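Colleague: Prediction below, plus the sequence it came from.
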Amino acid sequence: MSANIEEQTEAKTGAKEVSVWDKLIRISMKEAGVAIALILILAFFSATAPYFATPENFLKIFVQIAINTVLAAGMTFVILVGGIDLSVGSLLALCTVIGATIMINPAFSPWQAIVLACLASMGTGAILGAVNGWICEKWKLPSFIVTLGMLNVASGLARVVSDNSTITGLPQPFVDFGNLIFWGIFPSIFLIAIVVVLIGWFVLRYTVFGRFVFAIGTNEEAVRLSGHQPKRYKIAVFTISGLTAGIAAMVYLLRLNVGSPVAGIGYELNAIAAVIIGGTSLSGGKGSIIGTLVGACILQVLSTGLQLLGADDNIKPIVIGAVIVLAVILDSYRGRLMRILETR
């Protein structure tokens, strides 16, 4: 009798241990795992890099991640449906020169110019993003090719609109807002990025649209057979990506106070990297916008920490590139591990 009791106790203990490990693995596969990685990186650089754990340095990090966070928020929607958007960097450049051109127009008062510039920037981004989605769905073309073409179109338009020159002399109220710092550590542009992330999080988590975004990325054919049209939702996510490119353009203007036709070069790759590092699957259907925010933080913390450690400029892209490749490799194993856990 006692032997049976001992066996049952050992079995229960073993089951509990397996359950605990399962929970730990599930957590590490989700946003919490990415957040833990960020905390470990912060702890490492705080202990090794001089002046890393200072308010001034964190202020600098918040300033530098704002643009990428906004772009990556929109990119998350696109990747969740299994697409990709390579045009956001060039869309940002086009929207900066359109916004800056309007703001320096003497026909408008400063506040009129600011409002019109914001509307024009976001509207241009949204319209061209919708064009991306419409072309992809109309002719069933890969989003990689379509957005690569839009990258060149938007870049050329930016040069035409700006006459291939930078635009300066933005209204002083606009410049002053970009220089605002709240509570001594949070720049205004970072708070804009947080608002964009929170709106995106709410849409994905609590709206019917958000549920369909995940469903299309998981099984588009099942959504179609249920009587819904994935085409509309896929055009919508590209529109959102273009819209966030327009918002990021205004953040760029707030930060640098100049509209440039060559702004945004390589920004699309940084945005994609933030999304993937944040845990969103390249195949779609899995991920979160909060994870994307953490991914953007990881990228910038790595860059800043390596700089403070005195790492050569040629070393930083190698390390960051290795992290991106590692994130993609982990993504390939994440699905397998989750399926194994679900069968237990």
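Modeller: Noted; the coordinates are in hand.

Colleague: For A327, give its distance to T280.
Modeller: A327 sits 10 Å away from T280, going by C-beta to C-beta, to the nearest Å. Every C-beta, even on glycine, is put in place using the N, C-alpha and C of the backbone.

Colleague: who's more crowded, the two?
Modeller: For A327 versus T280, neighbours defined as other C-beta atoms under 10 Å are more numerous around T280 (29 against 23).

Colleague: So which residues of this structure form strands?
Modeller: Counting by DSSP state E, the chain has these strands, from start to end: 181-182, 186-187.

Colleague: Now distance to A311 and mean neighbour count too, for the ones you listed, in a markdown table please.
Modeller: Conversion of the strands of the chain to a markdown table gives the following (distance: least, C-beta to C-beta, whole Å; neighbours: other C-beta atoms under 10 Å):
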| stretch | distance to A311 | mean neighbour count |
| --- | --- | --- |
| strand 181-182 | 28 | 12 |
| strand 186-187 | 25 | 18 |
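
Colleague: pLDDT weak spots in this protein?
Modeller: Counting by pLDDT under 70, the chain shows low-confidence ranges at 1-32, 334-344.

Colleague: for the spatially most central residue of it, what are its contacts?
Modeller: Closest residue to the average C-alpha location of the chain: A72 at 1.6 Å, with C-alpha atoms, centre = their mean. Residues near A72 by C-beta atoms under 8 Å, 6 or more residues apart in numbering: N270, A271, I272, A274, V275, G278, T292, L293, G295, A296.

Colleague: Pretty sure the last one sits against I272.
Modeller: No. Because the distance of 11.2 Å does not satisfy C-beta atoms under 8 Å, A296 is recorded as not touching I272.

Colleague: State the distance from Y333 to L326.
Modeller: When distance is defined by C-beta to C-beta, Y333 is 11 Å away from L326.

Colleague: need the helices for the stretch 1-150 of the chain, in chain order.
Modeller: Listed from the start of the chain, the stretch 1-150 of the chain has helices (DSSP state H, counting those that start in this stretch) covering 2-29, 31-48, 55-80, 88-103, 110-138, 143-162.

Colleague: do the same with the stretch 201-344 of the chain
Modeller: Counting by DSSP H, counting those that start in this stretch, the stretch 201-344 of the chain has these helices, from start to end: 208-225, 230-256, 267-277, 289-308, 315-342.

Colleague: what's the fourth one packed up against?
Modeller: Pointing back at helix 289-308 there. For helix 289-308, the packing partners by 3 or more C-beta pairs under 8 Å, 6 or more residues apart in numbering; DSSP states H and E come out as helix 31-48, helix 55-80, helix 188-206, helix 267-277, helix 315-342.
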